[in-house]
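Engineer: no sequence on this one, just coordinates:
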């Protein structure tokens with residue numbers, strides 16, 4: 001897939017099974033973490049459980065959950081983090097699922113090699129309506145430390161996927177606050193050794209007052 005492209009995930013019979021999203025790169029598991037946001041009609045989360053990440057590894061309904069990191073990506077090198085999604089089990093009020101990633105050390109996505117999002121069916125039959133696994137390689141990342149890779153969204157009675165590839169110079173905090181998350185640092189939390197992260201990590205997300213979303217993240221029209 002190319003940036004901006006979208007594809008139907010629902011087959012002719014209208015059914016859609018569980019999916020595996022895999023975010024891989026040519027580095028190590030410590031290079032990035034995956035984040036998912038479940039959004040309702042206004043493009044914002046409903047509450048804490050709608051931000052799925054390593055401190056909250058599954059949505060409240062269980063339809064979206066982290067499935068762990070591996071030491072190898074699809075090509076047998078690098079690393080990958082997997083996510084299991086079950087669109088058929090997503091609550092009706094959730095209209096979009098944003099799949100994003102952030103550099104663990106606040107570094108640049110442009111410094112990573114072979115950053116790729118792969119979407120496939122759990123049974124291996126393929127994610128697209130034509131039964132073909134979907135692959136989106138991010139080739140134009142730059143100084144951003146957080147990145148929206150893609151999104152699943154409802155279209156009629158089915159689901160579609162869009163390749164996004166939009167980065168945030170403001171990092172993870174800038175990304176999640178655009179979708180209604182307020183990031184709070186834990187009082188007295190120890191400072192980790194090594195490079196200082198570019199922004200605080202979400203520890204207790206809460207919805208905030210409405211704010212305009214970033215350019216390019218409005219609800220899909222196709």
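Structural biologist: Good, I have the coordinates. Predicted model only: the values in this text are computed from it and were never measured.
Engineer: residues in contact with residue 99?
Structural biologist: Residue 99 makes contact with 21, 23, 34, 35, 36, 83, 117, 148, 149, 150, 151, 152 under the criterion CB atoms under 8 Å, 6 or more residues apart in numbering. Backbone N, C-alpha and C define where each C-beta goes, glycine included.
Engineer: Restricted to strands, list these.
Structural biologist: 21, 23, 34, 35, 36, 83, 117, 148, 149, 150, 151, 152 (DSSP state E).
Engineer: re the thing from before, can you redo the contacts of residue 99 as CSV with pLDDT?
Structural biologist: Conversion of those to CSV gives the following (pLDDT from 0 to 100):
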residue, pLDDT
21, 95
23, 96
34, 97
35, 97
36, 98
83, 96
117, 96
148, 98
149, 98
150, 97
151, 97
152, 97
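Engineer: Out of the residues you listed, which comes closest to residue 42?
Structural biologist: residue 151 (15.4 Å; CB to CB).
Engineer: got a list of what the closest one touches?
Structural biologist: Applying CB under 8 Å, 6+ apart, the residues contacting residue 151 are 96, 97, 98, 99, 161, 162, 164, 220.
Engineer: now it, nearest residue through space, not along the chain?
Structural biologist: Leaving aside its chain neighbours, residue 151 sits nearest to residue 98 (4.9 Å; criterion: CB to CB, 6 or more residues apart in numbering).
Engineer: can you count the residues close to that neighbour?
Structural biologist: A total of 24 residues lie near residue 98 under the criterion other CB atoms under 10 Å.
Engineer: per-residue confidence averaged over the helix or strand harbouring it?
Structural biologist: Secondary structure assignment for residue 98, by DSSP states H and E: strand 96-103. Strand 96-103 carries an average pLDDT of 97.
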